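Trainee: Provide a 3D model corresponding to the input given below.
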Amino acid sequence: MNQAQQKISELITRIEQDVVGQQHVVKALVLGLLTNGHILLEGLPGTAKTRSVKALASALNSRFGRIQFTPDLLPSDVTGTEVYQELEGKPQLTFQQGPIFNDIVLADEINRAPAKVQAALLEAMAESTVTVGDQTHALPELFMVLATQNPVEQEGTYPLPEAQMDRFIMKVNVDYPEDDAELAIIRLVRSEEKKVDRQADHASPLPPIDPQLILQARSELPTIAVSDLVEKYIVALVMATRKPERYPDSKLSEWIAVGASPRASIALDKCARANAWLEGRDYVLPDDVRAMAFMVLGHRFSLSYDALADGVSHQAVVDTLLDSVEIG
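Mentor: The predicted structure is shown next:
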């Protein structure tokens, strides 16, 4: 295990001390960092979505910005705007950066703002730049958007368009914790209220992780070997969402209305390599692909009317994909 892997392991440990019962969320956040991608967290209120992002930001020695999305938010509240100023008697426009100009950006309750504001994130997420007027401004090298949203069934929400959903390398469903985790949450919050050091029974608090180690880890991912077998498996999984008729013994053709885009194949390859790197391997196994399948593919295809009417979930479709598509 090299230094970068050791530090990333410490990062995961530190976040898990602040976020109880959501190990898959913590892992997804770290995978997003490693793959230089953006993460969408979806879950009911109170499931530690915002807390997870804050814990990640506090564990890193990086700049953190939070945007609370509301129905009256404007795009300039996200990106920044040009401000009129007079310098030495000469009028000029000066660009004032918005909260998007941070290393880690929390887009809290992103589906509570209308489409115009949601679209303000598109260029930033795709190009790592922001264009205002005739000027294009570069975002930080570590730039990452972590968006949270409540399920679209909740009142007062604006569902994200498919084009923006596809920009998120992963979508993570955040469920309610189990009994033991719920008990641990109560005790954790109680200790915070009493200002008791909740790490007293563990190791001393870890210092912030140097963001340069994240960049070093990213540079190691291209060296992770991906065999022809794994590559073909990734392609077969994605193609199964576009041409489900290839699997007549399943109900995929009845359930899938629109398949996943090529971004799905790219994201699945990146996340599988990052997962292998976290496991300490320099090669990808089919199990790495399967482990990432739902978080990468679950938000990239549309369910048919029949699937929605029968209550078929995206998770059920991905499970059927994994059962139907053979390895090799």
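
Trainee: close enough to count as contact, D108 and Q68?
Mentor: Yes. Using Cβ atoms under 8 Å, D108 is in contact with Q68, at 5.1 Å. C-beta coordinates here come from the backbone N, C-alpha and C atoms, glycine included.

Trainee: what residues are up against L122?
Mentor: A163, Q164, R167 (Cβ atoms under 8 Å, 6 or more residues apart in numbering).

Trainee: meant to ask about A225, not that
Mentor: Counting by Cβ under 8 Å, 6+ apart, A225 has contacts D282, Y283, V284.

Trainee: Also S304?
Mentor: By Cβ under 8 Å, 6+ apart, the neighbours of S304 are E254, W255, I256, A257.

Trainee: Could you single out the nearest of the contacts of A225 to D180?
Mentor: V284 (33.2 Å; Cβ to Cβ).

Trainee: Provide a complete list of residue ranges assigned to helices in the stretch 201-328 of the chain.
Mentor: Under the criterion DSSP state H, counting those that start in this stretch, the stretch 201-328 of the chain contains helices at 211-220, 228-242, 252-255, 262-278, 286-297, 305-309, 314-324.

Trainee: Let's have these in a markdown table, adding mean neighbour count, mean pLDDT and distance to E178.
Mentor: Output for the helices of the stretch 201-328 of the chain, formatted as a markdown table (neighbours: other Cβ atoms under 10 Å; pLDDT from 0 to 100; distance: least, Cβ to Cβ, whole Å):
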| stretch | mean neighbour count | mean pLDDT | distance to E178 |
| --- | --- | --- | --- |
| helix 211-220 | 17 | 89 | 31 |
| helix 228-242 | 18 | 96 | 30 |
| helix 252-255 | 18 | 94 | 29 |
| helix 262-278 | 22 | 95 | 24 |
| helix 286-297 | 22 | 95 | 19 |
| helix 305-309 | 12 | 93 | 28 |
| helix 314-324 | 18 | 94 | 18 |
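
Trainee: Could I get the ones you listed in a markdown table, plus columns for distance to S62?
Mentor: As requested, the helices of the stretch 201-328 of the chain are exported to a markdown table (distance: least, Cβ to Cβ, whole Å):
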| stretch | distance to S62 |
| --- | --- |
| helix 211-220 | 5 |
| helix 228-242 | 31 |
| helix 252-255 | 41 |
| helix 262-278 | 19 |
| helix 286-297 | 23 |
| helix 305-309 | 40 |
| helix 314-324 | 32 |
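
Trainee: Let me see the domain layout of the chain.
Mentor: 3-193, 224-324 (automatic domain parsing).

Trainee: Right, I'll leave it there.
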